[in-house]
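Need a 3D model of the following:
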Amino acid sequence: MKNDAMNDIPRRGLLLVLSSPSGAGKTTLSRRLLAADPNVIMSVSVTTRAPRPGEVDGKDYHFISQEEFARLRDRGELLEYAEVFGNFYGTPRRAVVEALQAGRDVLFDIDWQGTQQLAQAMEEDLVRIFILPPSAEELRDRLIGRAQDSASTVAKRMARAADEISHWPEYDYVIVNDHLDVASAEIEAIIRAERLRRRRRTGLTQFVRRLTKNL
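Below you'll find the predicted structure:
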């Protein structure tokens, strides 16, 4: 995505959430967006789990102790957090706020529960997009095609998908990911429009004053 002339007017960044059931293409769409738009950065979570092979501290996650996580949580320094299989994950508030103030857009790959917490903390900055598969059959085929999960795990993911999809009305936009190129273009269009919202264009008042002064 190219930067438009609108970026000449200072603006506040936005929080962009992509949520979907597993297999709907959220990760692929996120990677495409990050590669296409240098102004979008990925939110880096903190976690108490141990690094997996190949993961880099500060890039994939910030790996911290359970004691440090508890301190961040209790001080209100996490925008959202959750426990998954005995490990804790959370989004540090400070880094996100600094990015928004600098006009950067922060991408979140989180579920509906994390999205609800973000909405409670920073709803004015939030743009929520839910990604749907074109059909249940296609979702199942994609999960099988990834060759990452056993048949029983695929069945569990399919059963869980119905609950995840039921939260689609909580999102600002819903995209059916039938074709990656089309879905990517729709996400880019949403971002372009959201960047133009008056409340985000912090330099607009000054721009208009300069404009009218010379009329």
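
Next, report how far stretch 129-137 is displaced from the centre of its chain.
Distance, stretch centre to chain centre, for stretch 129-137: 17 Å (C-alpha atoms, centre = their mean, to the nearest Å).

pLDDT averaged over it, what's the number?
For stretch 129-137, mean pLDDT rounds to 93.

Quick one: residues contacting Ser184.
Taking C-beta atoms under 8 Å, 6 or more residues apart in numbering, we find Ser184 in contact with 29, 32-33, 36. Where you see a C-beta, it was placed from the backbone N, CA and C, and this is true even at glycine.

Can you give me the neighbour number for Trp168?
Trp168 has 15 neighbours, counted by other C-beta atoms under 10 Å.

quick one: the strands in the protein?
15-19, 40-42, 46-47, 62-63, 78-84, 87-92, 105-109, 126-132, 173-176 (DSSP state E).

Most tightly packed of the ones you listed?
Ranked by mean neighbour count, these are led by strand 15-19 with a mean of 24 (mean count of other C-beta atoms under 10 Å).

Looking at it now, give me its mean pLDDT.
So the average pLDDT for strand 15-19 ends up being 96.

That strand: partners in the sheet, and parallel or antiparallel?
The pairing partners recorded for strand 15-19 under DSSP bridges are strand 105-109 (parallel), strand 126-132 (parallel).

From the contacts of Ser184, keep the buried residues only.
When neighbours are counted using 16 or more other C-beta atoms under 10 Å, those contain these buried positions: 29, 32-33.

wait, which of those is closest to Phe63?
Leu33 (25.3 Å; C-beta to C-beta).

you'd agree that closest one is up against Val40?
Yes. Taking C-beta atoms under 8 Å as the definition, Leu33 is a contact partner of Val40 at 5.8 Å.

overlap in contacts of those two?
With contacts taken as C-beta under 8 Å, 6+ apart, Leu33 and Val40 have 107, 191 as neighbours in common.

Output the strands paired with strand 15-19 as JSON lines; include the columns distance to Ile190.
Shown next, in JSON lines, are the strands paired with strand 15-19 (distance: least, C-beta to C-beta, whole Å):
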{"stretch": "strand 105-109", "distance to Ile190": "11"}
{"stretch": "strand 126-132", "distance to Ile190": "6"}
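
Of these, which is nearest Phe85?
Closest among the strands paired with strand 15-19, using C-beta to C-beta: strand 105-109, at 17.4 Å.

and the gap between Phe207 and Ala82?
Distance, Phe207 to Ala82, using C-beta to C-beta, to the nearest Å: 41 Å.

for Arg140, that is, sorry about that
For Arg140, the distance to Ala82 - C-beta to C-beta - is 26 Å.

now the contacts of Ser184 as TSV including pLDDT and distance to Glu77?
Output for the contacts of Ser184, formatted as TSV (pLDDT from 0 to 100; distance: C-beta to C-beta, whole Å):
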residue	pLDDT	distance to Glu77
Leu29	96	29
Arg32	96	31
Leu33	97	27
Ala36	96	31
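
Please narrow those to those residing in helices.
29, 32-33, 36 (DSSP state H).

and which of those is nearest Pro134?
Nearest to Pro134 among the ones in helices among the contacts of Ser184, with distances taken as C-beta to C-beta, is Leu29, at 14.0 Å.
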